[in-house]
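Colleague: here is a sequence together with a model predicted from it:
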Amino acid sequence: MIVDMHRHLASIHERYPQVQNLAMSFTEGSPAAAGVESTQAPSAPERVSEILDEMSGAGVDLSVLVYGDYGLRLGEGVQSVAEENRLQAELAAQHPGALLSFVGVDPRRASAAELVSTAITEWGARGVKLHPATGFYPFEDECLELYKIAGEQEVPVAIHTGPSASPLYSHTAQPVFVDRVAADFPDTNFILQHAGQCWWEEAATIAFCKPNVFLEVSMWQWVWQRGPEEFARSISWMLRMAGGGRVLFGSDFPGLRGAMALDEWVAVFHDLPLTARNYGLTITENDIDGILGKNAADLLRLPT
Ligand SMILES: [Zn+2]
């Protein structure tokens, strides 16, 4: 079974042209520019059929749709955050077994806890997504109620970690800021999305110290492109630090589609035991089964 733990109905670049323009202005050939699509998002139903096609072409069984609420920093969309979350949950519900929804909200919104509760208990959302790059720390008071709800409902909290292009912030998205809440909410599982990117050793070390912290490796297409040895060494260290059960596959499509096709990204993992061996490292088939799907299935309590 293959589970993509990080997928969007529309990328940040499709939703916010100002971020797209900035990322497009990066030097040609930089990994950041390679991941940026210049097109507008298709309608949601069109995007869903595109996602399902892409998944079947790559052998991906389940994709987790995570909603990023950037409104307080980048400007509000035409639809409210509640409406967009509801639409995403409804689309996921139309494709049970293939799509799952994580409700995303800025915790500084007065309605955040109510939205998270409703999305989980009534709309079928199976996780929570926070994006601290909009300007809050994951340990701030406003966030805590959301972690409590997630723990009670037995769903994980996915938190973006790693630097972001302006006008988003980087400093609030350092993995270390999840450490405190992982200690304070031992019954809640936390997913460090992108495994911290350049702060990946910090992320892996926090996962080592906190058994309820998981590492999700979307956006690591860029690391692969820098070179297979660095990629294999980093993943093998994550496996050692977080244990084989807490590293999770993700694509961050459609934003990262420009970097690498989904079937190629899956193939990187299928080939990883061999790649690792070339550099004197050990990554087992069992590790790969875990990363690609089994770990996510356990975390999401999917029926076996
Ligand atoms: Zn994403």
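Modeller: In hand now; what should we look at?
Colleague: worst-scoring helix or strand of the protein, pLDDT-wise?
Modeller: Least confident helix or strand of the chain, by mean pLDDT, DSSP states H and E, is helix 31-34 with a mean of 50.
Colleague: can you point out the buried residues in the following helix or strand past it?
Modeller: Counting by DSSP states H and E, the element after helix 31-34 in chain order, helix or strand, is helix 44-58. Neighbour counts using 16 or more other Cβ atoms under 10 Å place 47-48, 51, 54-55, 58 of helix 44-58 among the buried residues. Yep, even glycine has a C-beta here, placed from its N, CA and C like the rest.
Colleague: tell me the pLDDT at the nearest residue to residue 301 once chain neighbours are set aside?
Modeller: Nearest non-adjacent residue to residue 301, counting by Cβ to Cβ, 6 or more residues apart in numbering: residue 154, 6.8 Å away. Here, the pLDDT recorded for residue 154 equals 97.
Colleague: from residue 212, how far out is residue 154?
Modeller: Distance of residue 154 to residue 212, computed by Cβ to Cβ, to the nearest Å: 12 Å.
Colleague: also residue 288?
Modeller: Taken as Cβ to Cβ, the span from residue 288 to residue 212 is 23 Å.
Colleague: looking at those two, which one has more neighbours?
Modeller: Neighbour comparison, residue 288 and residue 212: the larger count goes to residue 288, with 22 against 19 (by other Cβ atoms under 10 Å).
Colleague: that's a helix at that one, yeah?
Modeller: Yes: the assignment for residue 288 is a helix, going by DSSP: H, G, I helix; E, B strand; the rest coil.
Colleague: I'd say it and residue 270 touch.
Modeller: Yes: between residue 288 and residue 270 a contact is recorded at 6.6 Å, counting by Cβ atoms under 8 Å.
Colleague: contacts only, for the nearest residue to residue 304 once chain neighbours are set aside.
Modeller: Closest residue in space to residue 304, ignoring its immediate chain neighbours: residue 297 at 7.2 Å, by Cβ to Cβ, 6+ apart. By Cβ atoms under 8 Å, 6 or more residues apart in numbering, the residues touching residue 297 are 1, 3, 304.
Colleague: tell me the least confident of the residues you listed?
Modeller: Within the contacts of residue 297, lowest confidence goes to residue 304 (71).
Colleague: how close does it sit to residue 266?
Modeller: 21 Å.
Colleague: same check, this time on residue 74
Modeller: 31 Å.
Colleague: the more surrounded of those two?
Modeller: residue 266 (21 against 17).
Colleague: what are the phi and psi values at the more buried one?
Modeller: Main-chain dihedrals, residue 266, degrees, to the nearest 10: phi -60, psi -40.
Colleague: leaving out the residues flanking it, which one is nearest to it?
Modeller: Closest residue to residue 266 apart from its sequence neighbours, by Cβ to Cβ, 6+ apart: residue 58 at 4.9 Å.
Colleague: run through this structure and note the low-pLDDT ranges.
Modeller: Applying pLDDT under 70 to the chain flags residues 18-39.
Colleague: now the residue located most distally from the centre of it, what's its secondary structure?
Modeller: For the chain, the residue at maximal distance from the C-alpha centroid (Cα atoms, centre = their mean) is residue 280, at 29.6 Å. Local secondary structure at residue 280 is given as coil here, using three-state DSSP.
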